[in-house]
Structure formats: structure tokens, C-alpha cells
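Participant: Output the structure for:
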Amino acid sequence: MGMATRFKTPNGEEMVVLSQVDYEELVEAAEMLEDIAAYDRFQERLARGEEEFIPAEFVNRMIDGESPVRVWRDFRGLSAKELAASAGISATYLSEIESRKKEGSISALKKIAKALKVDIDDLVAWGDHDAESGSAG
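Facilitator: Numbers count the residues shown, from 1 in each chain. The predicted model follows:
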């Protein structure tokens, strides 16, 4: 880094003047520190079991419009019958939710989310299906 010029304003406030290059380097370094801190926080949550890695195969299925309920069920290694029983809903109702014949009530989606150990937000549709259903971005 180059030199910084320090001075005091008439009100006694201490100021520093930097070159544009030095300023940009400081901003970049601060952003890098923020990224490192965010990474460290994620690693801590991961170690506590509060976060998990989802393989791209499963993420891509949701992005491509497949039912998030079905994808999460597959990721957790559950059969439809097992998930329905765990969520306390009928296998038929779960099938209708997964095939999008029915949206599923908030109550049912909460039960499914709990059984899958995900947030209810993780069960909303992704990708082109959102645009087709008229949701605004």
C-alpha cells in the first residue's frame, strides 16, 4: 500500500486520505474477511448438525421443477409410505402432493417438513414451475 495522509478537521475529527488503489485494496480485504467469517459460521453450524450439504443431483432435480417433497424424500432415503406414516398423513395424500395434483395444506406441509427435517420453505417449488404458477419474483 502507498502512503496515507492523515489530518484533523477544524472540528478535531481525524481523517485519512488514501489513493483509489489503496482504498479498493482495503475494501477487497474487508469483503474477504466477511466471506471467511461467513464460511467459518457455516462450518460451525455444519459441525453442530444445523446445516448439511445437498448433492447437486438433488438440487438440480428441484431446479428442474421436480416436487421438492419427492426430492427431499429421496434424499432422506424414505419410501412414500414411510414419509406419510412419519408425517401422519395418508400415502395417497402424499402422492397427490408429490405429483402436484394437490398443493397440500399448510398443516400437512409442516408435518412433512418436520418428518424430512427441513424448513417448510424448502418444500416450495423451484425453477420454472414457480413462474408458470404465476408467482412474482
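
Participant: residue contacts, Glu103?
Facilitator: Ile97 (CB atoms under 8 Å, 6 or more residues apart in numbering). All C-beta atoms are positioned from the backbone trio N, CA, C, and that covers glycine.

Participant: Tell me how far it lies from Thr92.
Facilitator: 15 Å (CB to CB, to the nearest Å).

Participant: same question, Leu109
Facilitator: For Leu109 relative to Thr92 (CB to CB), the value is 16 Å.

Participant: if I read this right, Glu98 contacts Glu66, doesn't it?
Facilitator: No - shown here, Glu98 and Glu66 do not form a contact pair, counting by CB atoms under 8 Å, at 9.1 Å.

Participant: Show me the residue at the heart of this protein, geometrically.
Facilitator: The centroid of the chain falls nearest to Asp122 when counting by CA atoms, centre = their mean (8.2 Å).

Participant: correct me, but that one touches Val71?
Facilitator: No - Asp122 is beyond contact range of Val71, at 9.6 Å (criterion: CB under 8 Å).

Participant: buried sites along the host helix or strand of Arg73?
Facilitator: Using DSSP states H and E, Arg73 sits within helix 68-75. Using 16 or more other CB atoms under 10 Å as the test for burial, helix 68-75 gives 68-73, 75.

Participant: Follow the chain on from the longest helix along the chain and name the next helix or strand.
Facilitator: Using DSSP state H, we find that the single longest helix of the chain is helix 20-47. Scanning forward in sequence from helix 20-47 by DSSP H and E, the next helix or strand is helix 56-63.

Participant: other SSEs contacting that next one?
Facilitator: If you count contacts as 3 or more CB pairs under 8 Å, 6 or more residues apart in numbering; DSSP states H and E, helix 56-63 packs onto helix 68-75.

Participant: rewinding a little: quick one: work out the angle between the helix or strand just after the helix holding Arg73 and helix 68-75.
Facilitator: Proceeding N to C from helix 68-75, the next assigned helix or strand is helix 80-87, under DSSP H and E. If you take axes from the mean of the first three to the mean of the last three CA atoms, to 10 degrees, helix 80-87 sits at 110 degrees to helix 68-75.
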